[in-house]
Each structure stands twice: as C-alpha cells, then as structure tokens.
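K.L.:
sequence first, predicted model second:
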Amino acid sequence: MRLGRLLSLVASNLRSAWVRAALAMVGIVVGTGLLTFFLGLGQGLREKVLERIFPVNQLELEPRAVQIFGTEQILGQEPLDDARVRQVAGLPGVVRAFGKQKSSFPARLWGGKELLGYNLFTEAFFDGMPAAVLRAELEELEGAAAKRGVTAGAHSDRCEVDLDCAAGLGCSDGVCVPIVWADRFVEMPEVVLPCSVGDRCPQGMNCQQSRCALAAEASPPVRCVLPAAAGNGRDLQFDREVGERAAPCGDPLGYCGAAGTTCGEGRYCAADHPETRLGWCERPLPAVINPLLLEVFNSDMARSLGAAPIGSLAVLFGVRFHVALGDSYFSKDAEKQRQQFKQAIVVGFSRKAPELGVALPRELVRHFNARLKGRAAADAYDAILIDTASNQDVPQVIVEAEKLGLQLSRKSRAARTFGTVVLVTSLALVLLAAVVLAVAAVQIAQTFAMLVHERRREIAVLRALGAARLDIAVLVLGEAAAIGLLGGACGGGAAVGAAALVDHLAAQWLADVPLLPQGFFAFPAWAVPLAIGVAVAFTIAGALAPARRAMRLDPAAVLAEG
Amino acid sequence: MSSHVAIEAQGLCRTFVADGMPLHALRDVSLRVSRGESVAIVGRSGAGKSTLLNLVGALDRGYQGSLRVFGQELRALPDRALSRFRNRQIGFVFQSFNLLPNLSVGHNVLLPASFGVDLPHEALVERARTLLSEFGLGDRWGQKPAQMSGGERQRVAIARALLLQPPLLVCDEPTGSLDGETAAHILDTLRGIQRAQDTALVIVTHDPDVAAACDRTVRLDRGRVAVPAEAA
C-alpha cells in the first residue's frame, strides 16, 4: 500500500472513531508520561546529584581499615607510596592513578573581608592534589579556554602589580590581561618553601640558603623586607598595599631596595616566619575549593552570619585569604620558627576538593607535612585517586584493588551506595511505567478488536479492491502506531512539562535546603524519542492480535453477510 | 486458450463445511465468458450464485476443478499476487454499494489506486474526476456517501470499479437496492461501459429485466448449471 494512502486511511479511520481512539490513548499517555518522567528523574539524580558529588568512574581508594572499638584502624598495611600508586595504575580498566595527601599539621585560615566586609576565621584542612587530577574540571568551571582566546589579543593598561589592574585582570608582562586562574594551579607554584638542614624538600629540590631550591634555577626568588612601620611580618604581609609593594633586596642576604619598589606581578613579600620582616617574593598559595562549600555557605551560614548569599562561583575567583601553617585554634602549635603565614588565593573549583577544606598542589602539602610533622608524614599518601575507562570497569577495579589491600573511601562508598539506590529506584519506577504501558496495551488490544469487528465489512471491501492481507495488517498496525506516536508525544511532552514545574516549585520552596541541585531532572536527547518509541512498540504489540484477525478475515464470507 | 476468453471454468466445485457436514455450494460447474460479453447469473437463493461470483472475482480460491481468469489459474496465486490480480483485472460492484463512509466520494473512487498502482497520482485523480463527470457526479467530489441517494452511490461504486480500467466487471445485484428507473439507468451505464471498453461483465441478479439485458444467462440450481450457456 502506498504510504501516503496508508496515512490518509489511518487518519480517516482515527477521525471516525476519535472518541474510542482517545480513550485508548489515555493509558498510553499516562504510561509514556510516567516512563519519561522517571527516566528524566533517574538521569537527573545521576547527573545533577551523584556526578556532582563524585563521578561514578572516579574512585578514591584508601588502605583497608578494620573497626576496633568503634574506630577505623589500619593494620599491617604497606604505606601508600608511589610504588603502590603505580601498582594501582596498572590494574585493568584504570586509566590513571594519583596519590592524594592530606595535611597532618595544625593550621587555621581567615579571610573574606573583601567579599563580606569582615573576616571569617576557621581551622584549616588541606588536601594535596596533583594538578593533573583537577586540570580539566578547573578549566571547565572557569571557561579557561575562552579566556585564553581573549588573553592572546588583549592589551590593556600598564601595570606593575595585580593591584594596578581592574577586577578580573592580572598583571602580566607589564599589561593588564584577563587572568586564566586554572593555569595557576601547578604542581610546584612559585612559592618559597623555607627549610632547615635535614628538612624534606620536594623531589628535585635541595635545601639551600634556608629554602628548597632547584639545582639550577633560571630565576631564583628574590629576598624582600617588609617595612618596619608597624608590627611584624605576619600582619604586614597581608596588607596588600604593603605586602605587594614591599621592597625586594638586590642581594638575597644583603641590601634591600628603596621603599615603594615591588615584588613584581602577582607576588607579595612572604615573611620567613611570624616573627620576622625578612621574607621572599612569592605568589599566593593557589587554592581550589569545593563548589558545595558555596552552597553550604549560602543555605546555612550566610543567614547565621548576617551575610548576603554569594551569587555565583565567578565572584570567588581571585579572592585572597590567609593561612597560618603550624598555628591552630584547637591543637598544639608548632614552634614559631617553623610556622609560616602565607597568602592564598582562590584559583578554581573542583568537586574533588574537600567539602570542608581547601585543595592545594600536592607537593606543597607534602612539604608542609614534612616541615611541620616530620618526613614520615610526607612519605605516604592518604588515598589513591583513580579514573576508570568506563563505569562498567568500576566493579572489577574495586575487586582488584581489594586484593592489593585497598578499599573505597567513605566518600566513594557513599557515592556508590547512592548510585545503586538511584539506579534501583529508577529501574523500579521505570518498571512501574512499563506495567502501566502493558495495561494500556491490553486496552489497545480490546479497542482494536472491537474496531476490527466493526470494520470487517470495510476490510472486506478493501480486500475486494486489491488490498493484500499484509496491507490490512499494516493498516491496523498503522492506526495503532499513530495512537502510540500521538499518545507518546503527549505523554513525553507532559512529563517534560511536569518535570520543569517540579524543578521550578522546588527552586522556589526549597531554596533554603542545603546542597539542593539545580533541578532534579535531566532529559537527554534520546529520552522523549525513546519513550515515544516504547509507546509505539506497546501499542503495536497490543494491536498485533487484532491485526492478525483482520488480515485473516474471509472477504467473501464477510461480503456475503449482506 | 484463445486470448479473447475472460473466464473459463471446468468442473468447478466449492464445498464448505458447516457443523461438521460438507455443504456443496457448487458442483461441476463449467462456464466460459469472453471479453466484451455480458453474462447474467440467476437462480434461487442458495443456488450458488454468490459463491460462483466470489470465485470468479478472485475473492475465494478454495475450489476444486479449474478456474482460469484471463488465462491465470487463480488457485496457483499466492495472496499478494492474487490481490494484485484482483486490483488490476477485476472491478467489483456490490448491491449495497460498499462505499467507505469516512472517505469522500473522490477518495472512495481513488481507493483501488491505493494498492501499488504505478500511475502518477495526478493522472489517477484526473481519471476519477472524469469518471464522476461522466456519471453526472462531477460536483460531488468532496461529499460523503451519506449525503447521496442510492443511485448516486451506486454510480460512485461503478466509477470506483472502473478507475483502473479492469477488463472484467463483477456485479452482485447491482440494481437490487434501487428503484426501477434508477436501476434501468445503472444497467444502461454498465452495458455501455461493457460495450465501449470490450469488458467482460458478469452480473448476479434476481431481476429478470437485468438478466434479459445481458448477452447470456446462466441459471444455477443447487450448485449446478441448470440451463447451459447459450449465445445471445
């Protein structure tokens, strides 16, 4: 049968029995709507909730621990060193593996005045993360590629230090250009690491002249001195006008230049320890924070502190805060000569950063651990971060890791549990939708059985005029498919609309709930077409038996009925 | 077989089974109809007229014996080929018109073209309009059958049967639902087409006037040919 003629006949038949067709379609609309809704919900929970917390194919492994008197204890394990990391990287399905080291020294931080009008103070915790682990996410959340394009051709005001430039711009080669913050999170940033004889320095560096230095340095850091005007280094270096314009010394151990000269673009004068004005020109510690921290602040803390919520992550780029390494609100401080007070600057956001803490380049954390807690604290990692080739590889990787005495971290375990709950719940809901569609298919079968019976004379006439049995079957199934298509489209559209409504209402009514995702639903391009396809498949399945009956009608017998 | 033979049946039998008992609807019927010839099939109710018409019209192929229509043994054809044969070679006209009520007059006439005809749509529409005009229904293209009289509906049905210019017209009581004047007009129409297009015309009828208007009459009695075919 010609397609155009088939469509015309299908449309004509549906028009003539539109009430019955509409009733038959109700079940399909409901079933398809539920299917689309639940598909979108499952996908949304995975993408907007689970993937935000911890991507499924990214795992964090820790040494296996046992519960002893309610606390987790690691027994008889080899340390997580570079050899273990290489071992894990070699497991089937593992694309890459990196060691992560947490800070083991006391520290505190304060800052936020430039944003909130006053400083917030807190104990500080750091995760030392390899730059390669965070790179892609930092660039994605910052839109770094676009900025680089702008930077390439940008020439703005002349400058000596970042302070000379407008917000969002930094001083580079004497001109203000847009800052690509992701580029500042590097393994070994331009931060001077003070040391004493016997201290551990990062790989490839040695302790020379009380700082860790490369064997051959192209441009050694410059000594600087903070003005004697008031106070000591710990306070002066945090005054940007003073810290960034402090006089550098021409000779590392000798005369310092005239007041008013500068440490240079993006640098400040960091005192060696809290009780001296002598320091090194260096850049602030590049810090990465978890975007969830902003949500926690906006949902809970801002109101308690009487502060306005922070609108977006973008305003946090370049915000400086201060860290006191070896100084604590709660525990015993390190000796003053070993403490370091430094500036830190927010250079990006990553979901891999600790929720309540700051991610720093791993080599910095290792060095600080070694300097403040001893070499042993710097020689072992706390966890191994791995990326698997695909989600399907994850179970096998976990099994293989367990053979190496490793287990999923609490965070990864929670993510996998949540992922399983989401998956099982989604499947159950999709199954419910499938049951509704199956019931609708039965309804379709009954409707079409009646229609075929009522139209058997028309079918016989069509056969007399040259329709083959297959043409009749195609005609009946075509009507069913049209009902499925229309019902599926209505159901799918209604589900997308309902999802948008739910997200809108949730955003309005649940605005104060911490960590609320930007909507609960995600509809991939295939979701609605898939739901429509399923609806068509179910209606065709329901119409198969009536179509078979129609094609088997004996036209001679039917026409003889008079 | 000579090329002018439209239908040739030899020893044609058709048996149905009702309540487990065989019912012989046709017994050893032999029949020959030529192109351009009109044959009336008459007989009492239950004599086998409609059964014979269904066999000749390729709607039923459960027969014994031989039945060739335009040289083609119908029993040998699979369903699709038989349907195509029916579509191209045979036009049907029914007593109750059997127009599809949901379709307009024009689309009813075009219906046979739905099944794999290679002619351009425009040409088919043009032919359908011409046929309706010839039958005085040129202005009724968009109307539904329910808006027409019985005679008009039957003329639409005849136009539908003639759309693809089949060489055989099979009519089951074509005037049975019409008044005398309309019936005569329809009969004239059918005879005119038969003569003009050298079409074989087989009419099942109870009406003696219709039978008399045909070239030949075949009387069936309890499934057998009671009166041998005779030349008109």
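P.N.:
Noted; the coordinates are in hand.

K.L.:
contacts and neighbour counts: CA atoms only from here.
P.N.:
Will do.

K.L.:
where are the low-confidence patches of the chain?
P.N.:
Unless you meant another one, I'm taking chain A. Along chain A, segments meeting pLDDT under 70 span A:50-56, A:69-77, A:144-156, A:198-199, A:228-236, A:240-243, A:245-247, A:250-260, A:512-516, A:562.

K.L.:
if you could check chain B rather than the one you did, that'd help
P.N.:
Counting by pLDDT under 70, the low-confidence segments of chain B come to B:1-3, B:227-232.

K.L.:
residue of it nearest chain A, please.
P.N.:
Nearest residue of chain B to chain A, counting by C-alpha to the nearest C-alpha: B:N87, 4.1 Å away.

K.L.:
anything in stretch B:146-156 near chain A?
P.N.:
No: under the criterion of C-alpha under 8 Å from any C-alpha of the partner chain, stretch B:146-156 makes no contact with chain A; the nearest approach is 13.6 Å.

K.L.:
surely the residue of chain B closest to chain A meets A:A468?
P.N.:
No: contact status for B:N87 versus A:A468: not in contact, 9.6 Å apart, counting by C-alpha atoms under 8 Å.

K.L.:
any idea what sits nearest the residue of chain B closest to chain A, other than its immediate chain neighbours?
P.N.:
Once its chain neighbours are removed from consideration, B:N87 has its nearest residue in A:G466; the separation is 4.1 Å (C-alpha to C-alpha, 6 or more residues apart in numbering or on different chains).

K.L.:
residue contacts, that neighbour?
P.N.:
Taking C-alpha atoms under 8 Å, 6 or more residues apart in numbering or on different chains as the contact definition, A:G466 lies against B:83-88, B:112, B:115.

K.L.:
the residues you listed, buried ones only, as a ChimeraX selection?
P.N.:
Once 16 or more other C-alpha atoms under 10 Å in any protein chain shown is used to decide burial, the buried members of the contacts of A:G466 can be selected in ChimeraX as follows:
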select /B:83,84,85,86,87,88,112,115
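
K.L.:
could you dump the contacts of A:G466 to a markdown table with distance to A:M301 and secondary structure?
P.N.:
Supplementary listing: these in a markdown table, determined by distance: C-alpha to C-alpha, whole Å; DSSP: H, G, I helix; E, B strand; the rest coil:
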| residue | distance to A:M301 | secondary structure |
| --- | --- | --- |
| B:S83 | 79 | helix |
| B:R84 | 80 | helix |
| B:F85 | 84 | helix |
| B:R86 | 83 | helix |
| B:N87 | 81 | helix |
| B:R88 | 84 | helix |
| B:P112 | 77 | helix |
| B:F115 | 74 | coil |
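
K.L.:
between all of the contacts of A:G466, which two are separated the most?
P.N.:
Using C-alpha to C-alpha, the pair of the contacts of A:G466 lying farthest apart is B:F85 and B:P112, separated by 11.9 Å.

K.L.:
tally of neighbours for A:I532?
P.N.:
Summarising burial for A:I532: neighbours were counted as other C-alpha atoms under 10 Å in any protein chain shown, giving 27.

K.L.:
so it touches A:G492, yeah?
P.N.:
Yes: judged on C-alpha under 8 Å, A:I532 makes contact with A:G492 at a distance of 7.0 Å.

K.L.:
shared neighbours of those two, anything?
P.N.:
Taking C-alpha under 8 Å, 6+ apart as the contact rule, A:I532 and A:G492 both touch A:T32.

K.L.:
measure the residue of chain B closest to chain A to B:A58 for me?
P.N.:
Remark: distance between B:N87 and B:A58 (C-alpha to C-alpha, to the nearest Å) = 10 Å.
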